[in-house]
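Asks: Requesting a structural model of the entry that follows:
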Amino acid sequence: MRRIMFGLGLVLALGVTANPVDAQLRFGVHADYIAGGFGDLTSEFDDLDLSSDFGLGGRLGFSLPALPIGFNGDLTYYFPDCGAAGDCSYWTAQIGAQAGLPLVVVKPYVLGGWQWQSFDLDVAGFEADTKSHAFVGLGVELNVLAGLFIEGQWEFVDGFADQDFDVTPFVIKAGILFGG
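Replies: Presented below is the predicted three-dimensional model:
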């Protein structure tokens, strides 16, 4: 009789704490700020500085119900001021994973993954270029009605258009997540 009661109690406890599948999906929006890291690119082309530029983007994520592990994808379009260097465009897309502490309200986490970065500058001798590279970062999420987050990430880029620029941006992201 004890085994049956223990088994029923275990099933009831798992049923009460289990998350439905739809609660595992999350979506949101974020704003990005490039805090630095485009040093040599700036000195090569007059008035071009991608540092201090802002971007807007979206995020779609999936989290595992019993573990503090999640996976997400981001897409961000930046609004660079290219000045006398000409017209330019810059966007990033990334997929990654994050692992954190299983806390309820404030959740610190580490993240890492792979990013595709595209930069196009309308200058002779500079063709549109897309690079892929790794990134790592730290973040914290505050769960009050929705998930507010802020994170910083380092991106490890080899340069653009086969030129040896020092391009290791540090990006700060802040946004809101819904679901899950």
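Asks: SS state for residue 3?
Replies: At residue 3 the chain is in helix, as set by DSSP: H, G, I helix; E, B strand; the rest coil.
Asks: repeat for residue 65
Replies: What three-state DSSP gives for residue 65 is coil.
Asks: That one is in contact with residue 24, isn't it?
Replies: Yes. Contact criterion CB atoms under 8 Å: residue 65 and residue 24 qualify, at 5.9 Å. Quick note: C-beta positions are derived from backbone N, CA and C, even for glycine.
Asks: between those two, which one's more packed in?
Replies: Per other CB atoms under 10 Å, whichever of residue 65 and residue 24 has more neighbours is residue 24, with 15 against 12.
Asks: contacting residues around the more buried one?
Replies: If you count contacts by CB atoms under 8 Å, 6 or more residues apart in numbering, residue 24 has them with 62-65, 180.
Asks: What residues of stretch 136-155 count as buried?
Replies: 137, 139, 141, 147, 149, 151, 153, 155 (16 or more other CB atoms under 10 Å).
Asks: May I have the distance across it, first residue to last?
Replies: 7 Å (CA to CA, to the nearest Å).
Asks: residues in contact with that stretch?
Replies: 26, 28, 30, 35, 37, 92, 98, 100, 104-112, 115, 117, 133-135, 168-178, 180.
Asks: Which parts of the protein are helices?
Replies: All helices of the chain, identified by DSSP state H, fall at 2-17, 39-44.
Asks: Would you list the phi and psi of residue 104?
Replies: The phi/psi pair for residue 104 (degrees, to the nearest 10) reads phi -90, psi -50.
Asks: Good, we can wrap up now.
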